[in-house]
Structure formats: structure tokens, C-alpha cells
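Asks: sequence plus predicted model, see below.
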Amino acid sequence: MPELPEVETYRRILERHALGKALAGVSVRDAGVLDGVTPRALAAALRGRTVREVTRHGKIVFADLGPGPALVLRFGMTGDLVPFQDAEVPRFARVLFRFAEGGGLAFTDMRKFGSVGLAETSAAYLTERGVGPDALRGRPAAFLAAARARRAPIKAVLLDQALLAGVGNLYADEALFQAGVHPATSAARLGQVRLRRLHAAVRRVLARAVANGADWERLPSSWLLPVRETGPCPHCGGPLGRLRIGGRTSVFCPKRQRRAR
């Protein structure tokens, strides 16, 4: 599933191909991906407007088109943005954004877990949906205060989008690995020093992944992500452990990440 680094690549695609361009039209090929808007209303709201700014918050991309509602894109599990020319509509295209100067961008989504919608403003949307601070920009103090009040496993706390928007299963495992924290440890038992170290690891992991274009092949060999499916642990050479936490598979090193008692 796309997490913050992957969604940042989509933001850059939208910015590169759409910034400063006027939308000649919007074609909805599958209304199942629309979030709270009809195909006619989406097309009417966007047609003729110019993309002025493209931003990302957590796993959500916003396109500001000046006065009027902003475009909201959520990518779910298989969402993507694919440039196209008029005769080359991509496979699994659900919504087509066509530019006045020709060509366009397709919102593709094989499994249709993503969504396309509108928002009065990005700030209003985030408040209404209860989305917390972006994981790369939120203050460490806010994370520490919230985490220390939680008895849930720290892995589940990291995945709470109301606390750290943008962190998903894979990068949460990587941050926990680098910080030496067992994913099942209660957040309240970690203490301020270890929580601060973990928050720093989250930022470091996400920033490096963004810089590498979310390409796992360019990540350091000392990281967990490149070997999480095959092992062994890049730290100690031993087998990796697996747990189900909050319905998600957590991968960790039993030696490096000992559970706090």
C-alpha cells in the first residue's frame, strides 16, 4: 500500500505534469472511486480551472486550483497517476484529467481502494477527517505526549493516522527496527528517551525513502525493508520474527528488538 514516500512521488508527478495547466475536462470512467461527489459535479467544479499548487499531507494529495474547491486524491492500495495522450488511455483508468493544451493524467486504481474527491480547503478536509500532523513535519513533543498516554502496542500507535499521518505498515517496521523497539511493546512503557529516538527514526526513514524516490533497491543494505520477505536480519544475520498486530504483519529482529517488560 502506498505510504508517505510513495504518495510524495505521486504528488511530484501531478506537479510536474499539471502545474500551471488548465483542465479542459474531467471524464469519470468508474464512479466507484469518487468520494462524496458525482461525476457531473466533479467535472463542473474542475473544468476550466488552472492547477496552481500541489501539496501532500500524509498519504493525501491536494491540488489547489484557485478560487473554488481543491481536488483531493487518495491512492489506497493500488492507486497511481499516469500521464497519457488522447489515444493512449492507461489500463485501470478510473478518472481522466485532460489538459487544454493536450494530453492529461489518469487516476488509475486496479483494486479501487483509492478515491477522488473535492474539499473546500485542504485544512478543512484534514480537520473533518481527523487526520493528524504529517509524519515529516509534526512536532516531536506532540508525538511523545500522545504516545506516552497509549497502552496499545507501539506498532499500532505508529499506524494511527490521527497521530502521525503518512506512516504505514512497512515504514513503521523499518523505523522500529532502526530504533531497536519491539513492535508489540506498549507505547506507555517506552519512556521519553526511546520514544524520542523512535520519532527521529520515523523521520529519518521517511526522508531517506522520499529522497530515493521510494525505490527499495536504492535503500541501504543495513535496512530491514530490502530483506523483510526473505531475511536474514541485516544486523545480526539471524531469522526475522513475525507478529500480527492490529491486523497487520509486523516483521522484526528478535535479537535487536527485545520487548520491554
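Replies: Right, received. Where do you want to start? Residues are numbered from 1 along each chain as shown.
Asks: which parts of the stretch 1-150 of the chain are helices?
Replies: Here the stretch 1-150 of the chain has its helices, by DSSP state H, counting those that start in this stretch, at 4-18, 39-46, 122-129, 140-148.
Asks: all strands of the stretch 51-200 of the chain, in order?
Replies: Ranges of strands in the stretch 51-200 of the chain, per DSSP state E, counting those that start in this stretch, are 53-57, 60-64, 70-74, 79-84, 93-99, 104-109, 115-119.
Asks: would you turn those strands into JSON lines with mean pLDDT?
Replies: Output for the strands of the stretch 51-200 of the chain, formatted as JSON lines (pLDDT from 0 to 100):
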{"stretch": "strand 53-57", "mean pLDDT": "98"}
{"stretch": "strand 60-64", "mean pLDDT": "98"}
{"stretch": "strand 70-74", "mean pLDDT": "98"}
{"stretch": "strand 79-84", "mean pLDDT": "96"}
{"stretch": "strand 93-99", "mean pLDDT": "97"}
{"stretch": "strand 104-109", "mean pLDDT": "98"}
{"stretch": "strand 115-119", "mean pLDDT": "98"}
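Asks: most tightly packed of these?
Replies: Across the strands of the stretch 51-200 of the chain, the average number of neighbours (mean count of other CB atoms under 10 Å) peaks for strand 104-109, which reaches a mean of 24. Backbone N, C-alpha and C define where each C-beta goes, glycine included.
Asks: so which elements touch it?
Replies: helix 4-18, strand 79-84, strand 93-99 (3 or more CB pairs under 8 Å, 6 or more residues apart in numbering; DSSP states H and E).
Asks: quick one: closest of the ones you listed to residue 66.
Replies: Of all the helices and strands packed on strand 104-109, helix 4-18 sits nearest to residue 66, with 13.3 Å by CB to CB.
Asks: now tell me what touches the closest one from outside.
Replies: Here helix 4-18 makes contact (CB atoms under 8 Å, 6 or more residues apart in numbering) with 2, 51, 54-56, 58-61, 63, 73, 75, 79-81, 83, 97, 99, 103, 105, 134-136, 165-168, 171, 206, 209-210, 212-214.
Asks: mind listing what's buried in that helix?
Replies: Going by neighbour count (16 or more other CB atoms under 10 Å), the buried part of helix 4-18 is 4-15, 17-18.
Asks: show me where pLDDT drops low in this protein?
Replies: Applying pLDDT under 70 to the chain flags residues 260-261.
Asks: domain map for it?
Replies: 4-129, 140-252 (automatic domain parsing).
Asks: any chance of these in CSV, plus distance to residue 259?
Replies: CSV is the format used below for the domains of the chain (distance: least, CB to CB, whole Å):
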stretch, distance to residue 259
domain 4-129, 27
domain 140-252, 4
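Asks: related to what we said a few turns ago, just the buried residues of helix 4-18 now: which is nearest residue 194?
Replies: After measuring the buried residues of helix 4-18 against residue 194 - CB to CB - the closest member comes out as residue 4, at 22.3 Å.
Asks: who's in contact with the residue lying closest to the closest one once chain neighbours are set aside?
Replies: Nearest residue to residue 4, sequence neighbours excluded (CB to CB, 6 or more residues apart in numbering): residue 166, at 3.2 Å. Taking CB under 8 Å, 6+ apart, we find residue 166 in contact with 3, 4, 7, 57, 58, 59, 134, 135, 136, 206.
Asks: how much space separates residue 61 from residue 237?
Replies: Distance, residue 61 to residue 237, by CB to CB, to the nearest Å: 40 Å.
Asks: residue 201 belongs to a strand?
Replies: No - assigned with DSSP: H, G, I helix; E, B strand; the rest coil, residue 201 falls outside any strand and is helix.
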